[in-house]
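**Student:** coords please:
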Amino acid sequence: MLRSRTTTSNSNRSFSSKSSGKNKVSKSSSSFTKDGGGGGGGVSKKRHEHRSRRLAAVEMAVKGDDVASVSSGSPPTSTIVTLVVGAEQRLFAAHEAILCSSPFFLNLLQSAYPPQQATKRVSLPDEQPDIFSSVLEFLYKGDYFPRLKHNKRRNSWELECASDEERTSVESTVYHRGVDGELLKDTVIYCAAVRYGLDELKRLALRKQGLQSGIQCSTILASARYAYANTPDTDSKLRAHYLALIIRSRATFKRSGTMQLEMYNGGTQLFFDLFVAMSNHLDDVSSA
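**Tutor:** Numbering: from 1, shown residues only. Next comes the predicted model:
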């Protein structure tokens, strides 16, 4: 895995009537690194403020005619759909033609409104505004902040950054109201892509998550639980990612009080799958 890097996106395709609020921070005493070792460090207030400022700026970028850089090369001319997102009722706007590349929105809009309807409004009370902003950014531009780029010199993929200062403000996690804690951003985006039927966004989110490192054990376990709760049993790629991650970083996890508590409480398919994966790993090692 590579050390995560970030960049400031030049524009997004959504806007909001409110600015982002402060995020709640969870704490833990251990994390995993590229080599599976432990490390400290919580989620800084500065990083959350950076995220809030960026989200507000990104959501305003679509105002006026700032849709000309859509991959088609010309701005969409379809109906503007208003979207009311989250408990905060953040207002977003997007072109119907762009939204309808998602089977979820295609079915929703076709069933709720006649084709000639000029005003259309969609409510998404259970969605996270910052996650939905990333989904819209992907629908318009084929990627979301931070962008994925190929390093030709190293022949590897990484998350691009605009400045050295931003390398220290990695947006790897988001506060999720539903779990009242931090989750890996790419995991939440992956699960949103499952809901909206966006297979390419799923692949992109999974690849980006593979580039993250230095994440706290508690965040990994909370994100794994979220992944299991928000993906079907037939969608195993994100689940397999977490199983492999825990096995690779087992030296850290076996010392983790959070891991011990999670296994004691149980209650999810995660730990049986982990047992099977660990058993298979041991079989492979012993037969090598």
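
**Student:** make it CA atoms for all contacts and neighbour counts henceforth
**Tutor:** Noted.

**Student:** hang on, isn't Lys120 packed against Val81?
**Tutor:** Yes: using C-alpha atoms under 8 Å, Lys120 makes contact with Val81 at a distance of 5.1 Å.

**Student:** comparing the two, which residue is more hemmed in?
**Tutor:** Legend: neighbour count by other C-alpha atoms under 10 Å for Lys120 and Val81, higher for Val81 (20 against 15).

**Student:** hey, what's that one bridged with?
**Tutor:** For Val81, the beta-bridge partners are Ala94, Lys120 (DSSP bridges).

**Student:** can I assume it is in contact with Gln117?
**Tutor:** No: the pair Val81 / Gln117 is not scored as a contact, 10.5 Å apart, by C-alpha under 8 Å.

**Student:** can you pull the contacts of the nearest residue to Thr119 once chain neighbours are set aside?
**Tutor:** Of all residues beyond its chain neighbours, the one nearest Thr119 is Val81 (7.0 Å), with distances taken as C-alpha to C-alpha, 6 or more residues apart in numbering. By C-alpha atoms under 8 Å, 6 or more residues apart in numbering, the contact set of Val81 is Ala93, Ala94, His95, Glu96, Thr119, Lys120, Arg121, Val122.

**Student:** closest to Gly181 out of the residues you listed?
**Tutor:** Nearest to Gly181 among these: Val122, at 26.7 Å, using C-alpha to C-alpha.

**Student:** could you name the helices and strands sitting against the helix or strand containing that closest one?
**Tutor:** In the assignment (DSSP states H and E), Val122 maps to strand 120-124. On a contact count with 3 or more C-alpha pairs under 8 Å, 6 or more residues apart in numbering; DSSP states H and E, strand 120-124 meets strand 80-85.

**Student:** run the angle between the strand it packs on and strand 120-124 for me.
**Tutor:** 20 degrees (axes from the mean of the first three to the mean of the last three C-alpha atoms, to 10 degrees).

**Student:** tell me the mean pLDDT for strand 80-85?
**Tutor:** In this model, strand 80-85 carries a mean pLDDT of 97.

**Student:** same question for stretch 142-160.
**Tutor:** Stretch 142-160 comes out with an average pLDDT of 86.

**Student:** any buried residues in it, and which?
**Tutor:** By 16 or more other C-alpha atoms under 10 Å, the buried positions in stretch 142-160 come out as Asp143, Tyr144, Phe145, Pro146, Arg147, Leu148, Trp157, Glu158, Leu159, Glu160.

**Student:** quick one, strands of this structure?
**Tutor:** 80-85, 90-95, 120-124, 148-151, 156-159, 173-176, 181-184 (DSSP state E).

**Student:** okay if I get those strands as a markdown table plus distance to Ala112?
**Tutor:** Formatted as a markdown table, the strands of the chain follow (distance: least, C-alpha to C-alpha, whole Å):
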| stretch | distance to Ala112 |
| --- | --- |
| strand 80-85 | 12 |
| strand 90-95 | 16 |
| strand 120-124 | 9 |
| strand 148-151 | 36 |
| strand 156-159 | 39 |
| strand 173-176 | 29 |
| strand 181-184 | 33 |
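
**Student:** out of those strands, which comes closest to His281?
**Tutor:** strand 181-184 (25.4 Å).
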